[in-house]
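Novice: Make a model of this:
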Amino acid sequence: MAALAEGLRLAGEDTRSLHSVVHSYELSEITAVLVDEILFRCDPPGNVEPVVIAMDVTRGEERHGVSFLVQAGRSLCLNDTNGPAALHIEFDVIDLVRELFGPAGPTGPASRRTALQFVPESVSVEGLRPLGPIMAAASTVLTGCSSDHPGLARLAVRHDSDKWGGLHWFAPLYERHLHHLRTQPVRVLEIGIGGYDNPAFGGGSLKMWKHYFPRGLVFGVDLFDKSGLDQQRLHTLKADQGDPAQLLEIAERHGPFDIVIDDGSHINEHIRTSFRALFPHVRPGGLYVIEDLWTSYAPGYGGNEDPEACGSTTLGLVKQLVDDLHYEEQPTKPADGVGASLAGMHLYRNIAFLEKGRNAEGGIPDWIRHASGS
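Specialist: Okay, the predicted model is just below:
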């Protein structure tokens, strides 16, 4: 099933590959992967009365059916009540895969067929009253079938991530730097899953990234075992971010990564260790993000309240990277350091975005460097 999910994710835009994957598996297997994605993406139900919505996925003459139970106060789930469906939705499997994993675009009626099964007892206000909850339930299911992309702040709130609201307001900054990657099959690694040693808590940001990148694979690293949070396109890994050997093993097995985010222990030494170990495994054009720079001033995290004594802190690393970025302007600076693959830096309050890429434009010529200013 994992291989099928990976194939559908990567074939979302490539027509030939998509047809090959879709005809290499049983329709029931493909439908199971697609339904898992719909259940994850759909908006929370708003209809108070329970409504059953049926869906058929077709491939030529084949069809495989499922039904959803939709009701406010509970997550959308597969229906096991055997109750009659109020509305029927039909997708061709190719169309549904494109909706879920293809380029962004509004879901339109051309990609599906719907049929209302409900028959009112009377054509009156009271007899037609159930239509409202039915339409609301259908809308809930179809939000999960759409390639429409909610904003990151909305997703942070929905999935209980701390990247927006209260302590942090990072969501617009992430959108500024990650939006161009949104429909790409990216690989995201975030250090720090949350929930401490409780195996059932945490993972809000990982779910947010999974939703934000509909074709992405998301990996989370934590000191504690969080495997109970694993799901389609989201995988947890147990490791100590202060141990470069463990980080290297993760990078070699699951990288290279398009995005690495350090929201882990916030201990300055750990942040510096993680950067040294993982930045080489960010692909060109990717980003390495460091959150919570404030711990550079917090002695409890290995920081220093004196900004002049920041050599071993995270901000000390950032300041050093400014020099590394300009290595070609420094004749004594080695050309094989981190600066040669650091293409740019974007620094905001408590968060830094570091761009990976070739940095070799050539330094200022000696004849200019040694000329007297006019």
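Novice: so where do the strands sit in the stretch 1-150 of the chain?
Specialist: In the stretch 1-150 of the chain, the segments counted as strands under DSSP state E, counting those that start in this stretch are 51-59, 62-70, 77-78, 87-92, 113-116.
Novice: angle of the second one against strand 51-59?
Specialist: Think strand 62-70. Counting by axes from the mean of the first three to the mean of the last three CA atoms, to 10 degrees, strand 62-70 lies at 160 degrees to strand 51-59.
Novice: Show me what strand 62-70 packs onto, helices and strands only.
Specialist: Packing partners of strand 62-70 (3 or more CB pairs under 8 Å, 6 or more residues apart in numbering; DSSP states H and E): helix 27-41, strand 51-59, strand 77-78, helix 131-144. The C-beta positions use only the backbone N, C-alpha and C, and glycine is treated the same way.
Novice: Would you map the strands across the stretch 251-374 of the chain?
Specialist: All strands of the stretch 251-374 of the chain, identified by DSSP E, counting those that start in this stretch, fall at 257-262, 282-291, 342-348, 351-356.
Novice: The first one: which residues count as buried?
Specialist: Same thing as strand 257-262. Applying a neighbour-count criterion of 16 or more other CB atoms under 10 Å, one finds Phe257, Asp258, Ile259, Val260, Ile261, Asp262 buried in strand 257-262.
Novice: picking that back up, among the strands of the stretch 1-150 of the chain, which comes closest to Ile191?
Specialist: Of all those, the one in closest proximity to Ile191, counting by CB to CB, is strand 77-78 (32.0 Å).
Novice: For that closest one, which strands pair with it and how are they oriented?
Specialist: If you go by DSSP bridges, strand 77-78 pairs up with strand 62-70 (antiparallel).
Novice: what is the orientation angle of the strand it pairs with with helix 131-144?
Specialist: Going by the same axes, to 10 degrees, strand 62-70 makes 120 degrees with helix 131-144.
Novice: of the buried residues of strand 257-262, closest to Ser28?
Specialist: Asp258 (32.3 Å).
Novice: Arg358 reaches Ser341, doesn't it?
Specialist: Yes - at 6.8 Å, Arg358 counts as touching Ser341 under the criterion of CB atoms under 8 Å.
Novice: got any residues that touch both of the two?
Specialist: Common contacts of Arg358 and Ser341 (CB atoms under 8 Å, 6 or more residues apart in numbering): Pro284.
Novice: who has more neighbours, the two?
Specialist: Just comparing Arg358 and Ser341: by other CB atoms under 10 Å the higher neighbour count belongs to Ser341, 18 against 11.
Novice: Could you pull up the residues touching Glu252?
Specialist: Glu252 neighbours (CB under 8 Å, 6+ apart): His281.
Novice: Please tell me I have it right and Pro334 contacts Tyr327.
Specialist: Yes - in this structure, Pro334 is within contact of Tyr327 by CB under 8 Å, at 7.4 Å.
Novice: higher neighbour count, these two?
Specialist: Tyr327 (21 against 10).
Novice: Please, where are all the helices along the stretch 201-350 of the chain?
Specialist: Using DSSP state H, counting those that start in this stretch, the helices found in the stretch 201-350 of the chain span residues 204-212, 244-254, 268-278, 314-325.
Novice: Tell me which of the ones you listed sits most buried.
Specialist: Highest mean neighbour count among the helices of the stretch 201-350 of the chain (mean count of other CB atoms under 10 Å): helix 204-212, with a mean of 25.
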